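**Q** give the three-dimensional model of this entry:
(2 chains)
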Amino acid sequence: MSVSTLDGAGARVAGRVDWTPYLVGVGIGVLSWVVFVVVNAPLGITTSLAQVSGGVAAPVLGADAVAANSYWAKNPLKLDYGTLFLVGTMIGGFLSAMTARSFRLESVPTLWAERFGPSAGKRFVAAFLGGVIAMYGARLANGCTSGNGISGGLQLALSGWTFLAAMFVAGIATAFVMFRVKA
Amino acid sequence: MFPVSGTASLVLAVLFGAVFGFLLHRGRVADYNTIVRQFLFRDFTVLKIMLTAIIVGGVGVFALVNLGYAKFHIKDADMLAVALGATIFGVGMVVYGYCPGTALAAIGGGSLHALVGAAGMLLGGVLYALTFDWVKAVILPVGKLGKAQLHTLLGLPPGAIFLALAGVAAALFVVVERRRA
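**A** Sure thing, here's the model as predicted:
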């Protein structure tokens, strides 16, 4: 365990207690052992998030249209293990922030502000669009960094390692373009 | 006794989710800066966490499967869909500054832009469902390799692959830790 006083862009953040990434990696690895045995389900996020999207679409598109959709018919919204895991993940982030006394409302992160300025509106538009793109990609790939990357990677799944390779290549290219880094 | 199902599994879902979210937040990956700086090669926290989790998790899960305590849950290698989806995902992850799991942990930690992006993710899920019939007909059938695993494809024992992975990871960790010092 180590105490870090540096945030992403080098500014001091008072009272922030971070754990070394190796300890966190071991923790997620051991959590994987537990979930594979105890609930027979690997770590994953976006399959359940897609169920929730069916729930929020129902008032707009109509419950019948959602029920008739071939994707949501396979993944209907219900209070099941996967959707409650999403709730738990938010609670876990909250508990970590509260116990580390690092909870703070953040609209514009420092690295973004250095490059694109302090406008919260601009950051919100980008975050929204990024969320749309990331989720569409995660559904097309049938999993995100958790389900494909970590859970697929640790099972030596071809799908997982293909995901990791393509994700990093695309992410690096995007970051270099956005932050005008010359390769 | 295992696997647990019914109401008990719903309680465990919140508990296991909370452990996951706590670890992501404590590991600094529920932070826009840490994620984007990984893709700029200025911070290697994301790779350190992911590679350690994959190696530690993988060695344990393979042992548990061999002992009969666990089953594999391999996703189909629909190669065009996975490659294209992961490419789109990589773009979105950097623009958003979070992946879906770290975004949820970040919302718990007070990130308002993560919350706005989560609304975007729900819209992304809607768009996928609305285009699913087309995706299923056109993209999913291309390059179907099934529930393939690297060790069977390469004809190697899984232990050899984890050993090689651990070697690569250790070398990377030494290089990036030295660079920082």
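
**Q** any weak-confidence spans in chain B?
**A** B:181 (pLDDT under 70).

**Q** okay, now residue B:178: neighbour count?
**A** 8 (other C-beta atoms under 10 Å in any protein chain shown). Bear in mind the C-beta positions are built from the backbone N, C-alpha and C, glycine included.

**Q** before we move on, which element is it in?
**A** Take DSSP states H and E as the rule and residue B:178 turns out to sit in helix B:158-180.

**Q** and residue A:127, by the same measure?
**A** Element membership of residue A:127 [criterion: DSSP H and E] is helix A:120-140.

**Q** which regions of chain A sit below the pLDDT cut-off?
**A** With pLDDT under 70 as the threshold, chain A has low-confidence stretches at A:1-16, A:182-183.

**Q** tell me who's in contact with the most centrally placed residue in chain B.
**A** Most central residue of chain B, judged by C-alpha distance to the mean C-alpha position with C-alpha atoms, centre = their mean, is residue B:50 at 7.7 Å. Residue B:50 makes contacts with A:25, A:145, A:149-150, A:153, A:164, as judged by C-beta atoms under 8 Å, 6 or more residues apart in numbering or on different chains.

**Q** so which of the residues you listed is the closest to chain B?
**A** Closest approach to chain B among those (C-beta to the nearest C-beta): residue A:25, at 2.5 Å.

**Q** quick one: that closest one and residue B:169, what's the gap?
**A** Between residue A:25 and residue B:169 the distance, using C-beta to C-beta, to the nearest Å, works out to 10 Å.

**Q** ok, back up a step: please give the element, helix or strand, for the residue nearest to the centre of chain B.
**A** Per DSSP H and E: residue B:50 is located in helix B:45-66.

**Q** and the helix or strand following that helix, how far from the chain's centre?
**A** Toward the C-terminus, helix B:45-66 is succeeded by helix B:79-96 as the next helix or strand (DSSP H and E). Helix B:79-96 has its average C-alpha position 13 Å from the chain's average C-alpha position, going by C-alpha atoms, centre = their mean, to the nearest Å.

**Q** for the helix holding residue B:50, output the C-alpha coordinates as CSV.
**A** Output of helix B:45-66 as CSV, limited to C-alpha atoms (Å, rounded to 0.1, in the frame of the first residue of the first chain):
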residue,chain,number,x,y,z
THR,B,45,-1.4,2.2,-13.9
VAL,B,46,-4.1,0.7,-16.3
LEU,B,47,-1.7,-1.9,-17.7
LYS,B,48,-0.2,-2.7,-14.3
ILE,B,49,-3.7,-3.5,-12.9
MET,B,50,-5.0,-5.4,-16.0
LEU,B,51,-1.9,-7.6,-16.5
THR,B,52,-1.6,-8.4,-12.8
ALA,B,53,-5.4,-9.2,-12.6
ILE,B,54,-5.2,-11.4,-15.8
ILE,B,55,-2.1,-13.4,-14.5
VAL,B,56,-3.2,-13.8,-10.9
GLY,B,57,-6.9,-14.4,-11.9
GLY,B,58,-6.0,-16.7,-14.8
VAL,B,59,-3.6,-19.0,-12.8
GLY,B,60,-6.3,-19.4,-10.1
VAL,B,61,-9.2,-19.9,-12.4
PHE,B,62,-7.4,-22.5,-14.5
ALA,B,63,-6.5,-24.3,-11.3
LEU,B,64,-10.1,-24.1,-10.0
VAL,B,65,-11.5,-25.4,-13.4
ASN,B,66,-9.0,-28.3,-13.3
